[in-house]
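1. Here is my input; please provide its structure:
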Amino acid sequence: MDFPLARQYFYQEVTQPDEQIDLAKAALYIAQEEYPDLHPAEYINALDTMAAEVQTRLPTQQYPLRIVQSINQYLYDDLGFRGNTTDYYDPDNSFLNEVIDRRTGIPITLALVYLEVARRIDFPMVGVGMPGHFLIRPDVPQMEIFVDVFNRGEIMFPEDCQERIRQIYGQPVTLQPEFLEPVTPKQFLVRLLSNLKIIYLRREELEKALAVVERILLLFPEMPGELRDRGLICYQLGRWVAAIADFETYLAKVPDADDAPVIRRLLKQLGRI
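-> Below you'll find the model as predicted:
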């Protein structure tokens, strides 16, 4: 099967070493499958322009918190970026071009805009894959401050992160050190794609969900859960041969998985057991 040109560009981008992956370009190639007329260079230029404007506003004494305040003022006060609280599960919240055009998005796409602006002004920041709520933080040793891009760049400390997790899950959750670890570019893209996958599955847009899973597997080809999910989507689409291949691979990798009996029953229905 021939993949769309955007998929090929995405593959070329993400098969580079992590430190060479351009997150903005990779995200725009994801969006380009939904918007074939999208020109990534236009949005890269928009990010360049934002960063150039922030650069002119930086304080003389460039302490990290002051730089964060300058970025916040520009993105949230001047440009009007905001978290989309009215239609959180709109797929467009996951497409970087739409986030830039509409000035609204979900935590991970707003984080991407913020990270790209920060990178362009030589202020290193990293994504933090806290469960349930993506954050970013300055990549400065011994500095434990976090930025909640969904809430107008609110500054948070570890105790605030603990409270935020409690609010998300509605019960006490112990803040584990790994919750606040930086994510790699590939992990960032998997989280972005996983959000989109959930949205498409909820909307029963199976072809689009399948395309998302295929891109996750370009990033991490051996993820058992994604192989299983691709098989399940193919099963629902009536693509029996592809479903069988993924189910058998999944069981070979994790034969004792909790859902292994369910997958074996599906294989039996397909005449393979």
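2. Now do the buried residues in the lowest-mean-pLDDT helix or strand in the chain.
-> None of the helices or strands of the chain scores lower by mean pLDDT, DSSP states H and E than helix 158-169, at a mean of 89. The neighbour-count criterion (16 or more other CB atoms under 10 Å) identifies 161-162, 164-165 as the buried residues of helix 158-169. For the C-beta atoms, the positions are set from N, CA and C on the backbone; glycine is no exception.
3. And the furthest pair within those?
-> Across those, no pair lies farther apart than Gln162 and Arg164, at 7.3 Å, counting by CB to CB.
4. what secondary structure does Met143 sit in?
-> Classification of Met143 using DSSP: H, G, I helix; E, B strand; the rest coil returns coil.
5. who touches Tyr9 in this structure?
-> Neighbour list for Tyr9: 25, 29, 32 [criterion: CB atoms under 8 Å, 6 or more residues apart in numbering].
6. Surely the first one and Gln16 touch.
-> The one in question is Lys25. No. Using CB atoms under 8 Å, Lys25 and Gln16 do not qualify as a contacting pair, with a distance of 10.5 Å.
7. The two: which has the busier surroundings?
-> Shown here are Lys25 and Gln16; by other CB atoms under 10 Å, Lys25 has more neighbours (19 against 12).
8. nearest spatial neighbour of the more buried one, skipping sequence neighbours?
-> In space, Lys25 comes closest to Glu13 once its chain neighbours are excluded; the distance is 5.6 Å by CB to CB, 6 or more residues apart in numbering.
9. Wait, the one you found touches Asp22, no?
-> Yes. Under the criterion of CB under 8 Å, Glu13 makes contact with Asp22 at 6.3 Å.
10. Under the pLDDT cut-off, which ranges of the stretch 151-273 of the chain? List them.
-> The model of the stretch 151-273 of the chain has pLDDT under 70 over residues 273.
11. That's all I had, so thanks and see you.
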